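**Q** Sequence first, predicted coordinates after that:
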Amino acid sequence: MTKTIELRGVQQRFHARGAAGGYLTAVEDASFTLSPEPPQVVSLVGQSGSGKSTIARNVLGLQKPTSGTITYGGKDIFKLDRAEYDDYRRNVQPVFQDPYAIFNPFYRVDRVLWKAVKKFKLATSQAEGLALIERSLEAVKLEPERVLGRYPHQLSGGQRQRVMLARIHMLRPAFVIADEPVSMLDAQVRRLFLDILLDFQREHGMTTLFITHDLSTVYYLGGQVMVINRGRIVERGPVDTVMHEPSHPYTRLLLDSIPQPDPDLRWTGRIEVDEWSGTAEAGTPKASAPETPII
Ligand SMILES: Nc1ncnc2c1ncn2[C@@H]1O[C@H](COP(=O)(O)OP(=O)(O)OP(=O)(O)O)[C@@H](O)[C@H]1O
């Protein structure tokens, strides 16, 4: 049966000393639906402190809203029985900004994958489990022999992120909740990561809630977007429409704040690196800058 995630009138307040009334409203009246059919990418974009991560934590069941409801298949996610909760945990998988915290530094990265195999009974034998892990690593463009047996600090940030994607590939959840997953990655690895998420949507029918402060990433992913400002979703719609015909002043402000490449500007200054302090001093931009990549 197709189960949707629905948020209705979600409000999240936190106690905050010094704030008016002694609390801060991080999310106000958030309502939206994540549907697995058809699988889609829904981006939630807003600046720092606008309430994005709070919504991610609400959806993942890590933070109970002050008021409003979050339902999965029509049932309140904070009132699920054991079997329903297990189904939710299996079908709603997170990816966070830096998965380093998820890996135990004393264990090889294999452990995160084997734990998923065992917890969700994905294989009936060791050999079957290993074959599954290897297939999933390959699906996220990692070479199993270069990853398995390594400790988290021996992988790059982009590789650690992709190990988490391999875990998702094994579990095939209906929903991925991705909270700023690419903000620490360079442009090339970022693009690879986004392409894998799009593959997951197309080939494995996963719906992603993609949380970011970066409109160019939203543009690359396409699909639907919701713009959040000070805890309120102020605009939503297909990415193309929102980007080209924004109706809310805040969306226009966000769009105006994307740096525009200027073909008349070129970076002609040298970057002087101070070898002792490791700091760099840049020269001044002059005519004709290289084009800013979309991601
Ligand atoms: N547990 C908490 N207790 C008190 N205040 C909180 C808590 N969690 C978040 N906040 C506050 O709620 C507001 C929204 O925070 P949130 O982390 O959701 O924003 P964000 O849009 O994800 O920001 P960023 O992009 O910087 O992560 C912020 O003002 C934050 O300080």
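**A** Great, that's in hand.

**Q** Excluding covalently adjacent residues, which one is nearest to the residue of the stretch 101-250 of the chain found nearest the ligand?
**A** At 5.3 Å from the ligand, residue 213 is the closest residue in the stretch 101-250 of the chain, using Cβ to the nearest ligand atom. C-beta: built from backbone N, CA, C; applies to glycine. Distance criterion Cβ to Cβ, 6 or more residues apart in numbering; nearest residue to residue 213, sequence neighbours excluded, is residue 47 at 5.7 Å.

**Q** Then residue 175?
**A** Setting aside the residues directly before and after it, residue 175 is nearest to residue 92 in space (Cβ to Cβ, 6+ apart), at 4.6 Å.

**Q** Against residue 125, how distant is the one you found?
**A** Residue 92 is 28 Å from residue 125, where distance means Cβ to Cβ, to the nearest Å.

**Q** Those two - which one has more neighbours?
**A** For residue 92 versus residue 125, neighbours defined as other Cβ atoms under 10 Å are more numerous around residue 92 (22 against 8).

**Q** The more buried one contacts residue 60, doesn't it?
**A** Yes - the pair residue 92 and residue 60 qualifies as a contact (Cβ atoms under 8 Å) at a distance of 6.6 Å.

**Q** What number of residues are in the vicinity of residue 62?
**A** 10.

**Q** just checking, what packs against the helix or strand that contains residue 26?
**A** Assigned by DSSP states H and E, residue 26 belongs to strand 23-34. On a contact count with 3 or more Cβ pairs under 8 Å, 6 or more residues apart in numbering; DSSP states H and E, strand 23-34 meets strand 5-15, helix 52-59, strand 67-72, strand 232-238.

**Q** pLDDT value on residue 278, please?
**A** Confidence at residue 278, expressed as pLDDT, is 34.

**Q** Then the one 10 residues further on?
**A** At residue 288, the pLDDT value in this model is 37.

**Q** cool, residue 18 as well?
**A** Looking at residue 18, the pLDDT reads 81.

**Q** What separation do you get for it and residue 231?
**A** From residue 18 across to residue 231, the span is 18 Å (Cβ to Cβ).

**Q** Those two: who's more crowded?
**A** Taking other Cβ under 10 Å, residue 18 and residue 231 do not tie; residue 231 has more neighbours (23 against 6).

**Q** ok, and the closest non-adjacent residue to that one?
**A** Nearest one to residue 231, counting by Cβ to Cβ, 6+ apart, is residue 51 at 4.1 Å.

**Q** Tell me if I'm right that that neighbour and residue 227 touch.
**A** No - using Cβ under 8 Å, residue 51 is not in contact with residue 227; the gap is 11.6 Å.

**Q** right, and residue 173 touches residue 90 too?
**A** Yes - the pair residue 173 / residue 90 is scored as a contact, 6.4 Å apart, by Cβ under 8 Å.

**Q** more crowded one of those two?
**A** residue 173 (22 against 15).

**Q** Checking the residue nearest to that one when sequence neighbours are not counted next. Helix, strand or coil?
**A** Leaving aside its chain neighbours, residue 173 sits nearest to residue 93 (4.3 Å; criterion: Cβ to Cβ, 6+ apart). The assignment at residue 93 comes out as strand when based on DSSP: H, G, I helix; E, B strand; the rest coil.

**Q** contacting residues around residue 93?
**A** By Cβ atoms under 8 Å, 6 or more residues apart in numbering, residue 93 lies in contact with 167-168, 171, 173, 175-177.
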